[in-house]
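J.: got a predicted structure here, sequence first:
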Amino acid sequence: MPFFSTFAQRSPMLFARTTMAKVVTANHATPLFFGLRQQQQHQQQQSQIRGMASKKHKRIIKMAKGYRGRANRCYRLALQRVEKALQYAYRDRKVKKRNFRKLWIQRLNAGVRQYGLSYSRFIHMMQQPKMMMEEGRQQGGGAGGIRLDRKVLADLACNEPFSFKAVVDVVKMMNN
C-alpha cells in the first residue's frame, strides 16, 4: 500500500464529503457568530421554533437542578422526581405547622414545670372564663384578660424568663 502525502489522495470520496459538510455547516446549519448579540438572536429564533414543549422541558429540568444521577438531565426522569418533590413539599407544608405546635407545647411545658404547674393545667387556667369586669362590660379572654397563644408563651418561656414568670404568677393568682 503506497504512502499518500495528502488526505485527498488517500480517500477522495471521504474528502469530498467532509468538505461538503464543512460548506453546509458554514452556510446553513450552524451559522458562524461574530458577537454575543448575534448568538442571543439566534437562540431566541431557535426557541421560537421549538415551541411550548421546549419551554416545558426546560422548566422541569431547571426545577430538577441538583438531583442525583440522570434525574437532572433526562426529562422523563426529571419530571417524575420533580412531581414527587412537589408532592412532598405540599404535604410537608401542613406537617410543618404540626411540628412547630409540638415544639411550642414542649417548651411551654418545660417552662411551666419550673413553677410547679403542668402544661395542661396551665392552659386550662389560662382559658378559665373568670373575666375582669370594667364599667359593666366583659373584657379580654381568660385569666384577667390575658390572651396569649402557645407560640408567644413558648417564646416568652425561652427568651424572657422573668416576663414568663410574671404571666404564670398572674394566671395562678386569678385562679386561686
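T.: The structure has been received and is ready for your questions.

J.: switch to C-alpha atoms for all contacts and neighbour counts from now on
T.: OK.

J.: quick check on residue 67: phi, psi?
T.: Backbone torsions of residue 67, given as degrees, to the nearest 10, read phi -70, psi 160.

J.: shaky segments in the protein?
T.: Low-confidence segments of the chain (pLDDT under 70): 1-34, 46-50, 129-146.

J.: what segments of it are strands?
T.: Per DSSP state E, the chain carries strands over the ranges 133-134, 137-138.

J.: so which elements touch the longest helix seen in the chain?
T.: Counting by DSSP state H, the longest helix found in the chain is helix 75-113. If you count contacts as 3 or more C-alpha pairs under 8 Å, 6 or more residues apart in numbering; DSSP states H and E, helix 75-113 packs onto helix 52-63, helix 119-126, helix 150-159.

J.: so which of the ones you listed is nearest residue 96?
T.: Closest to residue 96 of those is helix 150-159 (C-alpha to C-alpha; 13.8 Å).

J.: so what touches the closest one?
T.: 101, 104-105, 107-108, 111, 163-164 (C-alpha atoms under 8 Å, 6 or more residues apart in numbering).

J.: please point out which parts of that helix sit buried.
T.: Neighbour-count burial for helix 150-159, counted by 16 or more other C-alpha atoms under 10 Å, picks out 150-151, 153-154, 156-157.

J.: then stretch 72-90?
T.: So stretch 72-90, judged by 16+ other C-alpha under 10 Å, has buried residues 72-73, 75, 78-79, 81-82.

J.: next one: residue 155 from residue 85, what distance?
T.: Look at residue 155 and residue 85: by C-alpha to C-alpha, to the nearest Å, they are 32 Å apart.

J.: got JSON lines for the helices and strands packed on helix 75-113, with distance to residue 39 too?
T.: Below are the helices and strands packed on helix 75-113 laid out as JSON lines (distance: least, C-alpha to C-alpha, whole Å):
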{"stretch": "helix 52-63", "distance to residue 39": "18"}
{"stretch": "helix 119-126", "distance to residue 39": "67"}
{"stretch": "helix 150-159", "distance to residue 39": "55"}
